[in-house]
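Trainee: Generate a structure from the sequence data that follows.
(chains A, B, C and D)
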There are 4 protein chains.
Amino acid sequence: MGKKIRIGMLGAGRIGKLHGENLAYAVPQAELVAIADPFLNDSIIEWAKGLGVENCYKEADPIFNDPTIDAVFICSSTDTHADYIIQAAKAKKHIFCEKPIHYDIARIQEALDAVEKAGVKLQVGFVRRFDHNHKAVRDAVASGKLGAPHVVKVTSRDPGPPPMEYVKVSGGIFMDMMIHDFDMVRYLSGSEVTEVSTYGGVLVDEKFAEYDDVDTAIVMLKFENGAIGVIDNSRKAGYGYDQRTEVHCAGGCVQVNNDLDNTAMISTADGVSVAKPTWFFLERYNNAFIAEVKDFISAIVNDTEVPVSGIDGLMPVLIAKAAKLSLKEGRSVKISEITA
Amino acid sequence: MGKKIRIGMLGAGRIGKLHGENLAYAVPQAELVAIADPFLNDSIIEWAKGLGVENCYKEADPIFNDPTIDAVFICSSTDTHADYIIQAAKAKKHIFCEKPIHYDIARIQEALDAVEKAGVKLQVGFVRRFDHNHKAVRDAVASGKLGAPHVVKVTSRDPGPPPMEYVKVSGGIFMDMMIHDFDMVRYLSGSEVTEVSTYGGVLVDEKFAEYDDVDTAIVMLKFENGAIGVIDNSRKAGYGYDQRTEVHCAGGCVQVNNDLDNTAMISTADGVSVAKPTWFFLERYNNAFIAEVKDFISAIVNDTEVPVSGIDGLMPVLIAKAAKLSLKEGRSVKISEITA
Amino acid sequence: MGKKIRIGMLGAGRIGKLHGENLAYAVPQAELVAIADPFLNDSIIEWAKGLGVENCYKEADPIFNDPTIDAVFICSSTDTHADYIIQAAKAKKHIFCEKPIHYDIARIQEALDAVEKAGVKLQVGFVRRFDHNHKAVRDAVASGKLGAPHVVKVTSRDPGPPPMEYVKVSGGIFMDMMIHDFDMVRYLSGSEVTEVSTYGGVLVDEKFAEYDDVDTAIVMLKFENGAIGVIDNSRKAGYGYDQRTEVHCAGGCVQVNNDLDNTAMISTADGVSVAKPTWFFLERYNNAFIAEVKDFISAIVNDTEVPVSGIDGLMPVLIAKAAKLSLKEGRSVKISEITA
Amino acid sequence: MGKKIRIGMLGAGRIGKLHGENLAYAVPQAELVAIADPFLNDSIIEWAKGLGVENCYKEADPIFNDPTIDAVFICSSTDTHADYIIQAAKAKKHIFCEKPIHYDIARIQEALDAVEKAGVKLQVGFVRRFDHNHKAVRDAVASGKLGAPHVVKVTSRDPGPPPMEYVKVSGGIFMDMMIHDFDMVRYLSGSEVTEVSTYGGVLVDEKFAEYDDVDTAIVMLKFENGAIGVIDNSRKAGYGYDQRTEVHCAGGCVQVNNDLDNTAMISTADGVSVAKPTWFFLERYNNAFIAEVKDFISAIVNDTEVPVSGIDGLMPVLIAKAAKLSLKEGRSVKISEITA
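Mentor: Numbering: from 1, shown residues only, chains lettered A, B, ... in the order given. This next block holds a predicted model:
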């Protein structure tokens, strides 16, 4: 094994720590060497030391300025993503960036331009593409054995709504939750979304209305290849993390169900019970998080294409904006209408 | 057991024969005593004799004029339904009518008025309400234990497209196929549909375009109770009859899958295979057809309400027309817009 | 369609009525024309009239003596089976006989000899062979695509124990309950059982011990073709009728699960529930009962072999006796040891 | 977090490496500090360095003599287990030992005596107890909600037979493969096995006969609490690792099925396919291996009982010997007969 890829981590919150531990324990070709977090404290420093990381900063600059660092993981708040991408690109570092890149289309484009100019790699964190289930759907469709896709379906329900502080700044259900599903339909169908139409409601918690948001939504989609599709989202499933995808094609259908906590079936006179779906994304996408990081490191080591590109980061933001506009104006919206 | 309900059958095609055999073999309280079919021939007469029916006519009048006949089954072509309902009502006979009642809203209303004026019972043949699976969804929702419905979902795919002669006169995918699903969402949600939005495509067979029809369609729905929903249809599943329903509620989700030919799982080095869904509606809804007829006869015997009313016959026609208009005009359509 | 096969029914208890109704309603080529039951009463006569049967007797002789009757169904108590078979054979009538033929091997042999001498057909009522699930296992094995059978497994559990009056005279768990499974392993494996070993316990109800019976039992089996197998039985499942079969072969495994009341899955914060297995054999084997009678009638009409022969009636009785002896003596017992 | 538990690893083959990596990456409270392997080579040393382990030996003594080492993992060949346990006990080190402890009962007893005398902890590596599925069965039974166990069932099939060099020295199917199932039935039933009866065959590969072994076996079991049970094993499933358990109790049944590679269902005109079971124990029991080591370390840190005791290591060896004797002598064998 050659030289390890040296990583600097920007942001050591929940998702940053998750990637950090995966890099340390599960990706032999990578080495986490520095972290930067504006809220750096003893707890973060101790966590870093546990992973063998000595360099802990409040500022990002020391990481950009360290010539021995090959790549950065941008796990900070969304408003910093584009800035950090541009700085990292200038510093000639490869970039793994959590989604979404930014809420502003022009800013995303600047970031992608900087990446292209610098010739570095940029992978966006759409982790579900690395899930064993959704990947099986994609592989079946991409194999061509089922023929052309006709209907693409995604269901996503969270176990329960997020804190209202998060809702306030998250960009709303289309930008923070359904954005994963917009990525998923592109991934599964192998085609671009051209138009969407949205129905939504505030059914889970009236507070969503205060933030001009909905908690339940259905979005129909048209695709460039002629297929049509539909996504349904709910902020509250109650029974766990409900993540199902399905593509119906000319020659048949492929669909996946949820992962369950176990396969037990308990049968009594009172009824038959089975296990609930895994509770949330950390359980469900545990292995997917490892796989996405491995693939990013592998793309650097072998100088191959990353599996989720900058364009893959841009498109779901456009679709999210179109879906929101459709809900607001009560009409079908073309993706080409979205410019900012 | 008291006096049997005496039945006259109008139309002895596939569906008429099915109901006739169920009446003869599976509904002890009913007695099929006469049939009328404009295409009456030896084969039909022999079939009728096998069921112990001696009175076979080309015209419907002898049935309407027979005072010993308590009820009629209208299984003739759709254009005759409203006329027969009106005649039967005048003759004070209870009526079981296959769906749809008519393609014209005013004509449906005339028929319903005639029924109301005569005080006879009218049940419309939405057989899926009597299916063990969909009924389990409805019962779970109606029990109130899951709380208010949030998202109502129906998937319907036929094994393969019907003959083009049928497509030509069927009224199109919304009127002849999705009409069942429009009934289903009303049944499952316990609420009226207020608005729909449609995306559709000609993906299975280009000939559908010649008849101004689509073969693949998705319709989003809004309900009076605040819920939203979606139906997806395809004329071609290939693998069997795909009929799944799901209602996600405030307190959880209920969903049903397809009935399979058997429960066998065959595992080899090449893969693991399970049985296909039952092939078509005759297999899938075999017991449901018996149950719907039993319930109709029971409503007559006990003078109770029929389980599928005239309004239940009207509403899906309105929704079908709205869905078709939505597709044509590329906009969301309110049910209240449909007047003819 | 040619002349109908005219049937006389011997015994109009639960199983006789079931076959009678199936003959009347579901088998167009058959005609039930007479019944005989020593406990004939008004209720039975009314039931018979409802099926169009005018000839009701207390004695069996009028049926044997009626030259227009082609076949008899022996649904009377087990102790009469062999006698009736012999009389029916002498009267040159084809015979459908419920299992078991008799508890005494010599008496079974006499009955089979009479049948052979008379050249009539005898089908024994092992109805599970006609079940869609078990048949799928058999077909997969018999196709040869899975290679030679290695391990044959059957699980059978009744929803609850039968009345103790029945237990007293039934011949015990091996003769009245597991006998179906002994037939099943022969059917599935395509091979004869050569040896068995039994473990059993009185765990459900201590009263079974009073009748020298057990209520829970496991029997291992050796087959002529080298395969080995195991059956487990319990008199009480509580949750429904549990009937699963499995054959593991050189090239893979085929297994079937229970039929459920419906496919509904209800997911809430409290858990996920699915439907229970169908409650008892009348629900589970409803279609199988029709199929077995159809096949019997078809074998007469076309003069082909019946699907369950006299030998198929004899062998499970031998195995049941060996299993009981194994339990009693605490040792493995060869089928060849059983002579009476 | 207090002081880490310092571990010495004896044996760095496949299973030793697996535990070593889990200790290094997944158990924060443990620290792997030394390894000893008689076949120590550069590859092992490099692997150890990758985990931060500097001390690599050919002999075990340096580990036993190192006073800073708290516990050892015995992952060497089976014939060395008892010796190492005794030495480790004398050196006052806690012990995790792979199964089986030894093939000789007296030698196992010596080892257990040494452990007891030293007052150290000994956990035996029956990893399946830590699997999410089997644990769900155990928990359901142990909760008491299902009532007393009546029938305990285990199916185990390997994807394919092991190399014949392994078969030669493994102790045979009962000692190297079914031993896990003997542990499992004790774990699931909460009761001791008292008697077994075995049927077996050489059906997969004739070479097994050369080593006086079988490749397919069924063992019936009696338990102290009155329950009965059955295990079936095959050396070749072909389709993956087939590991199913089931306990039928007075009040109902709990059963688990296999983990599958994913939840995809692909439906076409040719059939419906689902994913295969995970291929082998490394995939299936990946998380279980981590959990068993965590529990061992936790028992040391908190000075609580280990979850799998020395007696749990002894009993399956006794049952394996009884099962083998039963097959050889063609009779039911009591566990109390086994003395050596």
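Trainee: tell me the phi and psi of residue A:334?
Mentor: phi -80, psi 140 (degrees, to the nearest 10).
Trainee: Show me the beta-bridge partners of it.
Mentor: Applying DSSP bridges to residue A:334 gives these bridge partners: residue A:195.
Trainee: So it sits against residue A:195, correct?
Mentor: Yes. Taking C-beta atoms under 8 Å as the definition, residue A:334 is a contact partner of residue A:195 at 4.9 Å. (Glycine included, C-beta is placed from N, CA and C.)
Trainee: If you count surrounding residues, which of those two has more?
Mentor: residue A:195 (21 against 13; other C-beta atoms under 10 Å in any protein chain shown).
Trainee: so where do the helices sit in the stretch 51-200 of chain A?
Mentor: A:61-65, A:78-90, A:105-118, A:132-142, A:164-169, A:173-176, A:178-189 (DSSP state H, counting those that start in this stretch).
Trainee: what packs against the longest one?
Mentor: The one in question is helix A:105-118. helix A:78-90, helix A:310-329 (3 or more C-beta pairs under 8 Å, 6 or more residues apart in numbering or on different chains; DSSP states H and E).
Trainee: Distance of residue A:173 relative to residue A:196?
Mentor: To residue A:196, residue A:173 is 14 Å away according to C-beta to C-beta, to the nearest Å.
Trainee: any chance of the helices and strands packed on helix A:105-118 in TSV, with distance to chain D, mean neighbour count and mean pLDDT too?
Mentor: As requested, the helices and strands packed on helix A:105-118 are exported to TSV (distance: least, C-beta to the nearest C-beta, whole Å; neighbours: other C-beta atoms under 10 Å in any protein chain shown; pLDDT from 0 to 100):
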stretch	distance to chain D	mean neighbour count	mean pLDDT
helix A:78-90	28	21	97
helix A:310-329	22	22	98
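Trainee: Would you mind listing where the stretch 151-300 of chain A has pLDDT under the threshold?
Mentor: Of all residues in the stretch 151-300 of chain A, none has pLDDT under 70.
Trainee: Near chain C, which residues of it are found?
Mentor: A:237-240, A:242, A:265, A:267-269, A:271-277 (C-beta under 8 Å from any C-beta of the partner chain).
Trainee: isn't there a strand covering residue A:31?
Mentor: Yes. Under DSSP: H, G, I helix; E, B strand; the rest coil, residue A:31 falls within a strand.
Trainee: isn't it right up against residue A:4?
Mentor: Yes. The pair residue A:31 and residue A:4 passes the contact test of C-beta under 8 Å, sitting 4.2 Å apart.
Trainee: quick one: common contacting residues for those two?
Mentor: Residues touching both residue A:31 and residue A:4 (C-beta atoms under 8 Å, 6 or more residues apart in numbering or on different chains): none.
Trainee: sorry, back to before: the helices and strands packed on helix A:105-118: which one's closest to chain B?
Mentor: helix A:310-329 (9.4 Å; C-beta to the nearest C-beta).
Trainee: any idea of the angle the closest one forms with helix A:78-90?
Mentor: 160 degrees (axes from the mean of the first three to the mean of the last three C-alpha atoms, to 10 degrees).
Trainee: Contacts (any at all) between chain B and helix A:310-329?
Mentor: No. Judged by C-beta under 8 Å from any C-beta, helix A:310-329 and chain B are separated, with a smallest distance of 9.4 Å.
Trainee: Going by contacts, tell me the helices and strands next to that helix.
Mentor: Here helix A:310-329 touches helix A:105-118, strand A:122-124, helix A:173-176, helix A:178-189, strand A:193-201, strand A:216-223, strand A:333-334, going by 3+ C-beta pairs under 8 Å, 6+ apart.
Trainee: Ignoring the adjacent residues along the chain, who's closest to residue A:149?
Mentor: Spatial nearest neighbour of residue A:149, excluding adjacent residues (C-beta to C-beta, 6 or more residues apart in numbering or on different chains): residue A:227 at 4.4 Å.
Trainee: hmm, I was thinking of residue A:187
Mentor: Here the residue nearest residue A:187, using C-beta to C-beta, 6+ apart, is residue A:129, at 5.3 Å.
Trainee: Perfect, that will be all.
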